[in-house]
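*Asks:* predicted model follows, preceded by the sequence.
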Protein chains: 6
Amino acid sequence: MDEMTWPEFAARRDRPVIVPVGSTEQHSRHLPMCVDALLADRLAADLAAAVDGTVMPVMAYGYKSKPLSGGGPLFPGTIDMNGATVVAQMHDVLREIIDDGFTKIVVMNAHFENEAFVVEAIDLVTRETGGAATIVETNWWDPLPQDVVDRVFDGLAFPGWALEHAAVTETSLMLHYAPELVHMDRVVYEEAVEARPYVRYPVRDGDVPAYGGLADPRGSSAERGRIIAEACVAEVARICEREFAG
Amino acid sequence: MDEMTWPEFAARRDRPVIVPVGSTEQHSRHLPMCVDALLADRLAADLAAAVDGTVMPVMAYGYKSKPLSGGGPLFPGTIDMNGATVVAQMHDVLREIIDDGFTKIVVMNAHFENEAFVVEAIDLVTRETGGAATIVETNWWDPLPQDVVDRVFDGLAFPGWALEHAAVTETSLMLHYAPELVHMDRVVYEEAVEARPYVRYPVRDGDVPAYGGLADPRGSSAERGRIIAEACVAEVARICEREFAG
Amino acid sequence: MDEMTWPEFAARRDRPVIVPVGSTEQHSRHLPMCVDALLADRLAADLAAAVDGTVMPVMAYGYKSKPLSGGGPLFPGTIDMNGATVVAQMHDVLREIIDDGFTKIVVMNAHFENEAFVVEAIDLVTRETGGAATIVETNWWDPLPQDVVDRVFDGLAFPGWALEHAAVTETSLMLHYAPELVHMDRVVYEEAVEARPYVRYPVRDGDVPAYGGLADPRGSSAERGRIIAEACVAEVARICEREFAG
Amino acid sequence: MDEMTWPEFAARRDRPVIVPVGSTEQHSRHLPMCVDALLADRLAADLAAAVDGTVMPVMAYGYKSKPLSGGGPLFPGTIDMNGATVVAQMHDVLREIIDDGFTKIVVMNAHFENEAFVVEAIDLVTRETGGAATIVETNWWDPLPQDVVDRVFDGLAFPGWALEHAAVTETSLMLHYAPELVHMDRVVYEEAVEARPYVRYPVRDGDVPAYGGLADPRGSSAERGRIIAEACVAEVARICEREFAG
Amino acid sequence: MDEMTWPEFAARRDRPVIVPVGSTEQHSRHLPMCVDALLADRLAADLAAAVDGTVMPVMAYGYKSKPLSGGGPLFPGTIDMNGATVVAQMHDVLREIIDDGFTKIVVMNAHFENEAFVVEAIDLVTRETGGAATIVETNWWDPLPQDVVDRVFDGLAFPGWALEHAAVTETSLMLHYAPELVHMDRVVYEEAVEARPYVRYPVRDGDVPAYGGLADPRGSSAERGRIIAEACVAEVARICEREFAG
Amino acid sequence: MDEMTWPEFAARRDRPVIVPVGSTEQHSRHLPMCVDALLADRLAADLAAAVDGTVMPVMAYGYKSKPLSGGGPLFPGTIDMNGATVVAQMHDVLREIIDDGFTKIVVMNAHFENEAFVVEAIDLVTRETGGAATIVETNWWDPLPQDVVDRVFDGLAFPGWALEHAAVTETSLMLHYAPELVHMDRVVYEEAVEARPYVRYPVRDGDVPAYGGLADPRGSSAERGRIIAEACVAEVARICEREFAG
């Protein structure tokens, strides 16, 4: 959308608009800080191609990264926005899209911690506008069917989504979309980390292994990334078909 | 704590303080709206007994109930506070406890949707106070070991935590703690609901079955509730031991 | 209401809803911190019985306790929420009740300092909803007729409402509603305190006598408490009749 | 202060600063809308003369006017600021005065409804600055001794402060300070109004008599106004002496 | 307006209302801190005379004074309100005027730094009220035609509006409106200051010359002030005619 | 920076960090909506090369576009964030960069309307952190020397910066940086627009010519764009040298 002129955008009011939201966050030693923003953006672009939709500029900064999902404020370069800011940012953008007359919106999220705040924004804007638009929000990993997960992890062990930070799925997606930003030679993997089943503050050194990852990224491949991307896009396209039918 | 006089409370500064937070939310046709608040409160009381802690008054109103976890704004009696309100409420209470000199705090949460906002409050207060207190936050179900889940669902099918709204675990806990509020004769269970792997707004009639539940509560028992309660308390007590040791 | 199921609550849309709001605040050496929350809750329950109303869960945390009314931030256990938080909490709850279709609401307040912020919330929600509900707000002491005050203080000196913190009226009401939480053997009363006719910050030690009271609680009795409670309920029931008639 | 140059102001850091706060609100048919702002300003000026203090520009807009004190949103010209705005305005001004190195501050309030929000601002700024300044806040009527009230109402009936909106005290003070703005020929007084002992929203026509007053302003005189003004200033000067001594 | 009674104000609903907004800010050694507030107020009064309008009480506190326009937080007496406060204050006042039925509003601004926040308030209130009122906002200097600027600076060098803080235009306007507050004998002018074409924080000593001005006020005269005032009023009156015609 | 891993970023703490901020806003019929974001991003990249700095991800959404600078809410695709959101977004990002230990920050702004809110964020974060970082903020056009403007407009008429929306400078910069996004064949230019010297709300059709521009973009060229870009970068590099020297 950002490469369109305004009359081009205006002409697409009856098509879906896709808002990608990521983060700027450490992703271990072999991936860049833009992983979440880049994946949200690229998956949104592929989805746009599939549903004849329009992609909005990606929100590159997101909610606070948490140790439980492999991040945390102790790594330089992790830019943690407050919850209220994430809500306000998404609220204002959605409100403007709706005021411009669009009624089919997909929020493509690539940073788990964003979700509660992004959904709060969706709830607020839905109340304000009397539900004028249908808004679908999804994390890229949520709609993946089990058989896709099985194919992605063929020959590898799936540690569970909670540990998949800078591990096989994100690394593979990056190898698929932006291999020039992946440094497989710098992959560090020291030991299996077990996620604590609770939250504890303040965050302390050691809550996340010092290199910045939780699970083993070895075995990642562009091919595995392609499988994820295509399945994600296909599933979300199906969701669009169902939800935007009316 | 609310039944103590101030000198009694002041004398317990070196002991853990437990802040229970629940919600006021529809829980199908056989459970009352106070389920989350009551369970947070009772589990906190049992935990206090185990760790010689002090229980703060329960926060009876929580964040918005969502269809994905069996609630939603379309049921009368579901009282949805905005995210900013949930953050502010928890922030102010934690700040005051810390300013009173307490350094060991447990937030016992019984309403899934609260968590991101409760943790935002913990993050904000931790930054403001320079990490003066160690704050543990947990949902009652998160620390349950797999073998406990297996025992609880002995002879029953575990539908996954996502569907456990007004179902076996909550009903059993209520039968354990407050059987007089449970109406097993009104149990409604129509069909297995499959959770959508995404969020869609506006919420529509039918997103949650009309009776207000997701999974089958039949087979619930006070005994199953006792198993959950005891395991939860034992696990959180262990967490307190580990985290409050320093 | 919190012990009802949602269909039970939904069936009572044409009846008054009562929202009790208290505080968690030191109440001298002989009363527990829950005095304001418990009194709001119990008076609301009695009122509900009188007007066939429904009681919402009590808000147990309130606005900052002030020295002029016998509290203040220097006593441990006094939990002071910011004004904005008190407004937000009451706003959100009232808004949800109104959105659920209720039009007759009573806010029963038992903590003087709450009032301006509670009324701000009522004003805001009234503007937002176009006055869809009639909302009555009262402190429990305000509607008491002079002859009731005379009967309550029969044989005792009434120091004025400004000093009635943890003194005769609150102690008597607690003896009426929850005698097991009153420690008459710990009553401390050192000297008559004169309320300053102005506010001064910062609060200093000595602004309130070190034990935490302002006036003499001796002479309190369950009987005096009963007189207050019954008169309060009768008066507010009359107010409901007048205001909810239309 | 606003007529000083900055070096003149800077030279008075060890002297009290007085912040007058009023409102813009209907004051019946015989008084102008500026009554509260003008009285706050003039009393502050007289106090400044008495304590060698410096007067800040008056805040002419205040919190919402309420029917219980004779105002209400139904009268044109009553400008109701939200509570959060009143808090922010006072907070920012106090913070700047304190950051400029002043430590003795008096807030002179002339609009009852302001007080809770003004004091919230004082509390917040006191916490932020570690109590760097001593801040006294008073309504002009609060420190008046009983014998002064008796002299002011000599030959008249005192209806209680709650009804003293646009009545004897305000009218007399206006006759003392700005007689050219008082229209005694337009005085309307229809009947004794009894203050309701509770709050009810929405505000309705008739909550305040249509002319905009509550009690009888007849008998007001510049002489009565002079008595109030001089007593108020003398009392607040004494308060300054006591509180700013350290 | 503040000297009117409410029926007088109510009778003028079809006339323009003028809201003057200034600041409390150092204005070099020869001008008082009230320059912006006083000029906004007086120009509003002259405009009211020209268009049969009504002047609201001046907002005497404004947004943060910046070094680029000759102010800055390092001068005592400069009272910097936060942006959010300036927005809230203007929002609430405009909202109330519109709710009172007025539809023609002029905001007369005399402090450059206010403008973005004042316009944000205008935008917000316009959205909320569906554009019920036409609101014109102007700085007093913006509508001055070039030939007026030439006449004002006849025989003097115009340094550009960016440096006109406490210089010829403000000093001349003050000599026109309030000569008793101008101390021409204290005029300090040390050297030509060149405005930096960027912003840098933190503000440092020396960002503004120590006396508090940017350009040379010598040559100021009441006559030059009269020319500015009359031209400003004439131009804004013309704007009113054009914009309030419908 | 977003293409770096976290250890790469961490190693550059003593180098400048550049935060580009743009907008998503209509830019007439021949330029895409991303003009401001793209220019901020590219100029930041060139500046980074010149000062060995690090570029943060661009903020692609900015403050409300205004008719006076050629935009306005009536064009689809113009995404207007509220002022509070712009402040919060910039505040949070700056705060995190400073908390990561960086002390030399440049904010490169390409959307005029952002500036007041961006600077408010800088002011707030400077106060909070005690001025721990030196923060320079500039619009790309502000530091251009007059002789550069003359060279850019060689053979063309400079209409003043206020009208330079989607006109010669932006079009030329786009031809320099992203010619594939410029549609010179769609250039529309109807008539000279004169900027109103005041603000009027609500915005009306016709406030900006229907095609979305203010001044004539004809004559734009990549060469003129190169001149602007190089001069801007050179000037800001000099500013960095001066301000980050200490």
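*Replies:* Structure's in. What do you need?
*Asks:* only C-alpha atoms for contact and neighbour calcs from this point on.
*Replies:* Noted.
*Asks:* how many neighbours does residue A:121 have?
*Replies:* 24 (other Cα atoms under 10 Å in any protein chain shown).
*Asks:* name the helix or strand for it, please.
*Replies:* helix A:115-128 (DSSP states H and E).
*Asks:* next up, the contacts around residue A:105.
*Replies:* Shown in contact with residue A:105 (Cα atoms under 8 Å, 6 or more residues apart in numbering or on different chains): A:16-19, A:133-136.
*Asks:* restrict the longest helix anywhere in chain A to CA atoms and write it as PDB.
*Replies:* Determined from DSSP state H, the single longest helix within chain A is helix A:222-243. Provided in PDB are the C-alpha atoms of helix A:222-243 (Å, rounded to 0.1, in the frame of the first residue of the first chain):
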ATOM      1  CA  ALA A 222      14.800 -22.600   3.300                       C
ATOM      2  CA  GLU A 223      12.600 -25.600   2.300                       C
ATOM      3  CA  ARG A 224      11.200 -26.000   5.700                       C
ATOM      4  CA  GLY A 225      10.600 -22.200   5.700                       C
ATOM      5  CA  ARG A 226       8.800 -22.500   2.400                       C
ATOM      6  CA  ILE A 227       6.500 -25.200   3.800                       C
ATOM      7  CA  ILE A 228       5.500 -23.000   6.700                       C
ATOM      8  CA  ALA A 229       5.000 -19.900   4.600                       C
ATOM      9  CA  GLU A 230       2.800 -21.600   2.100                       C
ATOM     10  CA  ALA A 231       0.700 -23.300   4.600                       C
ATOM     11  CA  CYS A 232       0.300 -20.200   6.700                       C
ATOM     12  CA  VAL A 233      -0.800 -18.200   3.700                       C
ATOM     13  CA  ALA A 234      -3.100 -20.900   2.500                       C
ATOM     14  CA  GLU A 235      -4.800 -21.200   5.900                       C
ATOM     15  CA  VAL A 236      -5.200 -17.500   6.400                       C
ATOM     16  CA  ALA A 237      -6.600 -17.100   2.900                       C
ATOM     17  CA  ARG A 238      -9.200 -19.700   3.800                       C
ATOM     18  CA  ILE A 239     -10.000 -17.800   7.000                       C
ATOM     19  CA  CYS A 240     -10.400 -14.700   4.900                       C
ATOM     20  CA  GLU A 241     -12.700 -16.500   2.600                       C
ATOM     21  CA  ARG A 242     -14.900 -17.600   5.500                       C
ATOM     22  CA  GLU A 243     -14.900 -14.500   7.500                       C
END
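*Asks:* helices or strands next to that helix in the packing?
*Replies:* helix A:35-51, strand A:134-139, helix A:146-152, helix A:168-177 (3 or more Cα pairs under 8 Å, 6 or more residues apart in numbering or on different chains; DSSP states H and E).
*Asks:* pLDDT on it, on average?
*Replies:* In this model, helix A:222-243 has a mean pLDDT of 98.
*Asks:* list the buried ones in it?
*Replies:* Of all the residues in helix A:222-243, those buried under the rule 16 or more other Cα atoms under 10 Å in any protein chain shown are A:222, A:224-229, A:231-237, A:239-240.
*Asks:* got it, and stretch A:51-71?
*Replies:* Quick answer for stretch A:51-71 (16+ other Cα under 10 Å): A:51, A:53-71.
*Asks:* can it be said to contact chain F?
*Replies:* Yes. Using Cα under 8 Å from any Cα of the partner chain, stretch A:51-71 reaches chain F at A:57-60.
*Asks:* in chain A, where is pLDDT below threshold?
*Replies:* A:69-72, A:246 (pLDDT under 70).
*Asks:* burial measure for residue A:146, as a count.
*Replies:* 9.
*Asks:* the most centrally placed residue in chain A and residue A:35, how far apart?
*Replies:* Centroid check for chain A by Cα atoms, centre = their mean gives residue A:110 as the closest residue, at 0.7 Å. In this view, residue A:110 and residue A:35 are 9 Å apart by Cα to Cα, to the nearest Å.
*Asks:* also residue A:61?
*Replies:* In terms of Cα to Cα, residue A:61 sits 11 Å off from residue A:35.
*Asks:* any shared contact partners between the two?
*Replies:* Common contacts of residue A:61 and residue A:35 (Cα under 8 Å, 6+ apart): A:22-24.
*Asks:* phi, psi for the residue of chain A found nearest chain D please.
*Replies:* For chain A, the residue closest to chain D is residue A:84, as judged by Cα to the nearest Cα, at 17.2 Å. Main-chain dihedrals, residue A:84, degrees, to the nearest 10: phi -60, psi -30.
*Asks:* next, the contact list for it, please.
*Replies:* A:117, B:84.
*Asks:* counting neighbours, what do you get for the residue nearest to residue A:187 when sequence neighbours are not counted?
*Replies:* In space, and not counting its chain neighbours, residue A:187 is closest to residue A:30: 5.3 Å by Cα to Cα, 6 or more residues apart in numbering or on different chains. Using other Cα under 10 Å, the number of residues around residue A:30 comes to 26.
*Asks:* and chain A, which of its residues are near chain B?
*Replies:* Contact residues, chain A versus chain B (Cα under 8 Å from any Cα): A:82-84, A:116-117, A:119-120, A:122-123, A:126, A:131, A:133-139, A:142-143, A:197-202.
*Asks:* swap the cut-off to 7 Å and go again
*Replies:* Residues of chain A found near chain B (Cα under 7 Å from any Cα of the partner chain) are A:83, A:116, A:120, A:126, A:131, A:134-138, A:142-143, A:197-202.
*Asks:* among those residues, name the buried ones.
*Replies:* Using 16+ other Cα under 10 Å, the buried members of the residues of chain A next to chain B are A:83, A:116, A:120, A:126, A:131, A:134-138, A:143, A:197, A:199-202.
*Asks:* show me which of these is closest to residue C:157.
*Replies:* residue A:201 (51.4 Å; Cα to Cα).
*Asks:* OK, contacts around the closest one?
*Replies:* B:126, B:134-136 (Cα atoms under 7 Å, 6 or more residues apart in numbering or on different chains).
*Asks:* is there a neighbour count for residue A:11? I'd like the number.
*Replies:* Neighbours of residue A:11 using other Cα under 10 Å come to 10.
*Asks:* picking that back up, in JSON lines: the helices and strands packed on helix A:222-243, plus distance to chain E.
*Replies:* Converted to JSON lines, these look like this (distance: least, Cα to the nearest Cα, whole Å):
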{"stretch": "helix A:35-51", "distance to chain E": "30"}
{"stretch": "strand A:134-139", "distance to chain E": "22"}
{"stretch": "helix A:146-152", "distance to chain E": "47"}
{"stretch": "helix A:168-177", "distance to chain E": "38"}
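*Asks:* return the most buried member of those.
*Replies:* A comparison of the helices and strands packed on helix A:222-243 by mean neighbour count, using mean count of other Cα atoms under 10 Å in any protein chain shown, puts helix A:168-177 on top with a mean of 25.
*Asks:* partner strands of the next helix or strand after it, with direction?
*Replies:* Later in the chain than helix A:168-177, the nearest helix or strand by DSSP H and E is strand A:199-201. Take DSSP bridges as the rule and strand A:199-201 pairs in its sheet with strand B:134-139 (antiparallel).
*Asks:* contact partners of the strand it pairs with?
*Replies:* Contacts for strand B:134-139 (Cα under 7 Å, 6+ apart): A:198-202, B:103-110.
*Asks:* same question for stretch A:146-166.
*Replies:* A:27-28, A:31, A:69-70, A:213-215, A:217, A:224, A:227-228.
*Asks:* just to revisit the earlier point, nearest to chain F, out of the contacts of strand B:134-139: which one, please.
*Replies:* Nearest to chain F among the contacts of strand B:134-139, with distances taken as Cα to the nearest Cα, is residue A:202, at 15.4 Å.
*Asks:* phi and psi next, for the closest one.
*Replies:* Residue torsions, per degrees, to the nearest 10, at residue A:202 are phi -70, psi 160.
*Asks:* list the residues that contact it.
*Replies:* By Cα under 7 Å, 6+ apart, the neighbours of residue A:202 are B:126, B:131, B:134.
*Asks:* which of those residues lies closest to residue D:209?
*Replies:* Nearest member of the contacts of residue A:202 to residue D:209, counting by Cα to Cα, is residue B:126, at 52.3 Å.
*Asks:* that'll do, ta.
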